[in-house]
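Chemist: Sequence and predicted model, in that order:
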Amino acid sequence: MDNTNWYIVILTVVTMTVVGFSTFDSTTSALIFGVGTGGIFGWVISSIVSKKSSEEE
């Protein structure tokens, strides 16, 4: 987890939280959805980008 690009993770969490607010009626559900899925997908996307950049070097 050394090469985690936190900008991508935070951007994904914010994006998924906005999607959660537009999808769910409950604020709690929207926040749980945004932080949960945004954190997971942000970490995965960041890992993929980190692997590709380290392979190019």
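Modeler: Received, thanks. These numbers were taken from a predicted model, which means no experiment stands behind them. Numbering: from 1, shown residues only.

Chemist: Need the pLDDT of the residue most central in space within the chain.
Modeler: Centroid-nearest residue in the chain, with C-alpha atoms, centre = their mean: G42, separated by 2.7 Å. Looking at G42, its pLDDT reads 93.

Chemist: Could I get the contacting residues of it?
Modeler: Residues counted as contacts of G42 (C-beta atoms under 8 Å, 6 or more residues apart in numbering) are 8-13. Using the backbone N, CA and C atoms, a C-beta is placed for each residue, glycine as well.

Chemist: chain center to stretch 32-41: distance?
Modeler: Computed by C-alpha atoms, centre = their mean, to the nearest Å, the separation of stretch 32-41 from the middle of its chain amounts to 6 Å.

Chemist: Can you show me the CA trace of that stretch as PDB?
Modeler: Output in PDB follows, covering the C-alpha atoms of stretch 32-41 (Å, rounded to 0.1, in the frame of the first residue of the first chain):
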ATOM      1  CA  ILE A  32     -22.100   4.100   3.700                       C
ATOM      2  CA  PHE A  33     -22.400   3.400   0.000                       C
ATOM      3  CA  GLY A  34     -20.000   6.300  -1.000                       C
ATOM      4  CA  VAL A  35     -17.300   5.500   1.600                       C
ATOM      5  CA  GLY A  36     -17.500   1.700   1.100                       C
ATOM      6  CA  THR A  37     -17.600   1.400  -2.600                       C
ATOM      7  CA  GLY A  38     -15.600   4.500  -3.200                       C
ATOM      8  CA  GLY A  39     -12.800   3.300  -0.900                       C
ATOM      9  CA  ILE A  40     -12.700  -0.100  -2.500                       C
ATOM     10  CA  PHE A  41     -12.900   0.900  -6.100                       C
END
